[in-house]
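K.L.:
build me a structure from this.
(one chain, ligands or ions: 2)
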Amino acid sequence: MTPLQPQSSVPDQSASEARPIQPLPDELISQIAAGEVVERPASVVKELLENALDAGASRIEVKLESGGVKRIYVADDGQGIAAEQLPLALARHATSKITSLAELESVATLGFRGEALASIASVSELVLTSRVRGAAHAWRLDNLGTGGSVVPASGAPGTTLDVREIYFNTPARRKFLKTQQTELSHCQDVFRRMALARPDVAFSLSHDGRVLEHLNGTSSGERVLQILGSEFANAHLGLEVQAGEGLTGVRLTGFLGLPTAARGSAAAQYFFVNGRFVRDKLLTHAMRAAYQDVLHGDRHPAYVVYLTLDPRQVDVNVHPSKVEVRFRESRGIHQFVMHAVQQALGQGGGARVTQAPAAQNPTSLAELAQWRQQFPLQLAQRAAPFALDRAESGGSYAPPVQHLSTVYPQAYAQSPASTPDADAKEQFPLGFALAQLHGIFVLAQNAQGLVLVDMHAAHERILYERLKDGLDTHACATQQLLIPVTFNADAREIDCALQGESTLAALGFEIRAVSPTALAVRAVPALLADADVAALARAVLRDLEQFGASRLLTEHRNELLSTMACHSAVRANRHLTIDEMNALLRQMEATERGDQCNHGRPTWQQFSLADLDRLFMRGR
Ligand code: ADP
Ligand code: MG
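P.N.:
Ligands and ions are numbered 1, 2, ... in the order given. Here you go, the predicted structure:
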C-alpha cells in the first residue's frame, strides 16, 4: 500500500496530454451561465419578478419554501406565453424583448438577455405553466424528464413558474447557500425592491405557508410607507425635479429621508433607474455628496429615489444581474442628482423642488432665496451634458465653457470712489465687494451693475480647479500638521488608509494608523489646510474604499476632488471681511479665466443696471 498517494477522482490534467478543443454542450453552457444569473434563491426571485413585470402583470404572488431553497413559486396575471412558444421561453438566448442591436440600445424592459429561464432550468426542477388571454386553458412545460412536451393544464390567464430544489444537480454550488433564514432575507430584499419599483402592482409574499407581505396596488407614497415604515414616512421630503436642456427628459422623483431617519447601515437606500433597482457607484456617490452637509459621520441616509430618462441615455447591459448601469452623460447625471437632492434637502419643511423656471430676476428676499435654490439646477442643466474628463467623452463633446469675456463688456461705468483706476477695472471684471448678504451671498459692484456671488459655491469651485491643476501638474503641495489630528476609525477605514497609502500621498495626505481603532492625519493638501481635517479624511477614505485606489485618481478623480473641495469650502454664515470678499472675487476671475469647463454649478450672477431698473419699473 502507498498511503501517501492522494486519492482523487479529479484527473490530473496537467499531466495528461493536451485535450482537443470541443464546443460545450448546451446544458453545460447554461449551467455555467447559471453561476452568474442564479447566485442564490433571491436571484431566481428577482428574475421571475422581472419577467412578470415585463409581461405587464398587475398582481404577482410569491411563495417560498425553506428560504427559497426548496421551492420558489411565482404567479402573475400578465400577458402569458402562447403554447407553441413555451419551449423557446426555456431556451438559451431566446427572448421576446429585443430583436436587434438598436433595440438593445433603447431597451425599456427589465429583461433582454434571454438567459434567465434557461439558466434556472439548468440547475433546478422547473414547471412553467401559462395561459394567454382568450385561450381555452393553460399549457404546461417542465424539465422533470417528461420529454419536454407541452401539455394542457389548468390555470388562470398569466404565467406561473414553480422552481424546486435549486442546485440539486450541482452540489458544490448548493453548499454555498447560507442558512434558510439568510436566503429568505435576501429574497425579501429583492421583493421589497420590486415592490418599491412598481407601487401600482399588487404583490404578496409567503414563506412556508405564512403570509409575510400583502400589498395592494397603490400610490408610491403609500408603498414607501408600507415598505419603509412610519419612521421614514414621518421624516422625509418629497423630491420632484425635471432636468432641462442638455439632459432633456431626465427626471428625479422620490422620497428623501431626513437626517433624523438616518440609519447605521445603507440598507434603506433605494435607487431606481427606469424602474430598475440599481446599486451604482456614481449614483451612490452623488447621493452621499448631497447629504454630506446635513448628515455627519457614519450615518446612512434612507431614501427611495427614481431616476427616469430616455433608455438610450443609459446602458443597462454592463453587469450580468444589471445592478450597475452606465450613463452616457455620467458627469451631468452625477451633478444633476447631487444638486437636485442637495436643494431638496436645503428647502426643508416638505417643500418640493419643481421644474426650475427660466432665468429671471428675483424681486424679494424670499424669492431670492428660492431663486438661489432653483437656479443652480438650471445652470447644471445648461452646462450638462459635460463629460467627466476628456478621456471619457472620447473627445467628441466640447463642454460649454462660460468665458467671462463673453459675459462682461470691457467698458466700465461709474465706480465707487474707493475702487482702483480704469486699468484695475479692466483687470477685475467681477468688480469689488460691497457687502455680504445673510451669510450666503457676496454683493459686488462692477461696471454693468450688481454681481451676486454664492460664496460657498464659488469657493468650492476655486478649490476644485486648483486641486485639479495640482494633480495635473503633480504639484499638490502638502501641509504637515503641527499636531496630527486623530480620529476613531473602523477596520475598513484603517485598511483603506494602509492599502491606499501611495494614492493618499499623491493627493497630499499622510494618514497613519496609531492604534487598531484610530487613525492620525499628519498632513493634508495645503489648499485644504482650513478644512475640518477628520471629516475631510473620512470622506476621502470613503471615496477610496468605494472606487478603489486604482480608479480613484483616474476615472473617479473629479468626484473625489468635488468631495474634497466641498468639505473645505467656506460654509454659509462665515463672516467675511471686505478684503476676504475681494480676494474671493480675484480668485474667481483667475479660475474662470483658466478656460476650465463649467462644473455644473453657477458661482455668480450678473444683474445689470437695466435689470435692476426693470425691477423698479423705471422705464429708461
Ligand atoms: P428575458 O427576460 O431576458 O427575455 P427570460 O429567460 O427571463 O429572458 O425569459 C424568456 C422569455 O420568456 C421572455 O422573453 C418572455 O417572452 C417569456 N417569459 C418569461 N417569463 C414570462 C412571464 N412571467 N410572462 C410572460 N412571458 C414570460
Ligand atoms: Mg427575464
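
K.L.:
if I look at residue 289, how far off is ligand 2?
P.N.:
Residue 289 is 34 Å from ligand 2, where distance means Cβ to the ion, to the nearest Å. Glycine gets a C-beta too; all of them are placed from N, C-alpha and C.

K.L.:
neighbours around that residue, how many?
P.N.:
Other residues lying near residue 289 total 23 when counted by other Cβ atoms under 10 Å.

K.L.:
I figured it hits residue 564, correct?
P.N.:
No - counting by Cβ atoms under 8 Å, residue 289 does not reach residue 564; the two are 11.0 Å apart.

K.L.:
for residue 591, what are its contacts?
P.N.:
461, 462, 465, 466 (Cβ atoms under 8 Å, 6 or more residues apart in numbering).

K.L.:
in TSV: these, plus neighbour count and distance to residue 309.
P.N.:
As requested, these are arranged in TSV below (neighbours: other Cβ atoms under 10 Å; distance: Cβ to Cβ, whole Å):
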residue	neighbour count	distance to residue 309
461	26	26
462	20	31
465	21	29
466	21	33
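
K.L.:
show me these that map onto helices.
P.N.:
461, 462, 465, 466 (DSSP state H).

K.L.:
once you drop chain neighbours, what's closest to whichever residue of the stretch 151-300 of the chain sits closest to ligand 1?
P.N.:
Per Cβ to the nearest ligand atom, residue 159 is where the stretch 151-300 of the chain lies closest to ligand 1, at 3.6 Å. Of all residues not flanking residue 159 in the chain, residue 130 sits nearest, at 4.3 Å (Cβ to Cβ, 6 or more residues apart in numbering).

K.L.:
one more: residue 299?
P.N.:
residue 262 (4.0 Å).

K.L.:
ends of stretch 17-24, how far apart?
P.N.:
Using Cα to Cα, to the nearest Å, one end of stretch 17-24 lies 20 Å from the other.

K.L.:
actually stretch 239-246, not the one I typed
P.N.:
21 Å.

K.L.:
up against ligand 2, what does the chain have?
P.N.:
Within the chain, the positions near ligand 2 by Cβ under 5 Å from the ion are 51, 111, 116.

K.L.:
would you reformat those residues as JSON lines and include secondary structure, distance to ligand 1 and neighbour count?
P.N.:
Converted to JSON lines, the residues of the chain next to ligand 2 look like this (DSSP: H, G, I helix; E, B strand; the rest coil; distance: Cβ to the nearest ligand atom, whole Å; neighbours: other Cβ atoms under 10 Å):
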{"residue": "51", "secondary structure": "helix", "distance to ligand 1": "3", "neighbour count": "23"}
{"residue": "111", "secondary structure": "coil", "distance to ligand 1": "2", "neighbour count": "20"}
{"residue": "116", "secondary structure": "helix", "distance to ligand 1": "3", "neighbour count": "23"}
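
K.L.:
roughly how far does residue 77 sit from ligand 1?
P.N.:
10 Å (Cβ to the nearest ligand atom, to the nearest Å).

K.L.:
least trustworthy helix or strand in the protein by mean pLDDT?
P.N.:
helix 390-393 (a mean of 27; mean pLDDT, DSSP states H and E).

K.L.:
returning to what we had before: and the ones in helices among the contacts of residue 591, which is closest to ligand 2?
P.N.:
Distance to ligand 2, by Cβ to the ion, is smallest for residue 461 among the ones in helices among the contacts of residue 591, at 45.0 Å.

K.L.:
now that closest one, nearest residue through space, not along the chain?
P.N.:
Counting by Cβ to Cβ, 6+ apart, the residue nearest residue 461 is residue 603, at 5.1 Å.

K.L.:
so residue 457 makes contact with residue 603?
P.N.:
Yes - if you go by Cβ under 8 Å, residue 457 and residue 603 touch, sitting 4.7 Å apart.

K.L.:
hang on, residue 111 packs against residue 50?
P.N.:
Yes - counting by Cβ under 8 Å, residue 111 touches residue 50, with 5.3 Å between them.

K.L.:
tell me the spacing between the residue in the stretch 251-400 of the chain that ligand 1 sits nearest to and residue 520.
P.N.:
Nearest residue of the stretch 251-400 of the chain to ligand 1, counting by Cβ to the nearest ligand atom: residue 322, 10.0 Å away. For residue 322, the distance to residue 520 equals 42 Å [Cβ to Cβ, to the nearest Å].

K.L.:
now swap in residue 542 and tell me
P.N.:
Distance, residue 542 to residue 520, using Cβ to Cβ: 18 Å.

K.L.:
ditto for residue 63
P.N.:
As for residue 63, its distance to residue 520 is 55 Å (criterion: Cβ to Cβ).

K.L.:
cool, and residue 275?
P.N.:
Counting by Cβ to Cβ, the gap from residue 275 to residue 520 is 46 Å.

K.L.:
between these two, point out the one with more neighbours.
P.N.:
The residue with more neighbours, out of residue 275 and residue 520, is residue 520; 20 against 16, by other Cβ under 10 Å.

K.L.:
quick check: beta-bridge partners of that one?
P.N.:
Residue 520 has these beta-bridge partners by DSSP bridges: residue 486, residue 512.

K.L.:
that one: what's it in contact with?
P.N.:
Residues in contact with residue 520 (Cβ under 8 Å, 6+ apart) are 484, 485, 486, 511, 512, 513, 514.

K.L.:
residues in contact with the strand or helix carrying the first one?
P.N.:
When secondary structure is defined by DSSP states H and E, residue 484 falls within strand 478-488. The contact list for strand 478-488 (Cβ under 8 Å, 6+ apart) reads 508-510, 512, 514, 517-526, 529, 533-534, 537-538.

K.L.:
mind pulling up the pLDDT for whatever residue of the chain ends up closest to ligand 2?
P.N.:
Minimum separation of the chain from ligand 2 (Cβ to the ion) falls at residue 111, amounting to 2.8 Å. Note for residue 111: predicted pLDDT of 87.

K.L.:
can you name the residues that contact it?
P.N.:
Applying Cβ under 8 Å, 6+ apart, we find residue 111 in contact with 47, 50, 51, 54, 95, 97.

K.L.:
do you know the pLDDT at the second one?
P.N.:
Going back to what we said before, that points to residue 50. 96.

K.L.:
that one contacts residue 110, correct?
P.N.:
Yes - assessed by Cβ under 8 Å, residue 50 is found in contact with residue 110 at 3.9 Å.

K.L.:
circling back to that earlier point, can I have the buried ones of the contacts of residue 520 as a ChimeraX selection?
P.N.:
Burial among the contacts of residue 520 is assessed by 16 or more other Cβ atoms under 10 Å; the matching ChimeraX selection reads:
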select :484,485,486,511,512
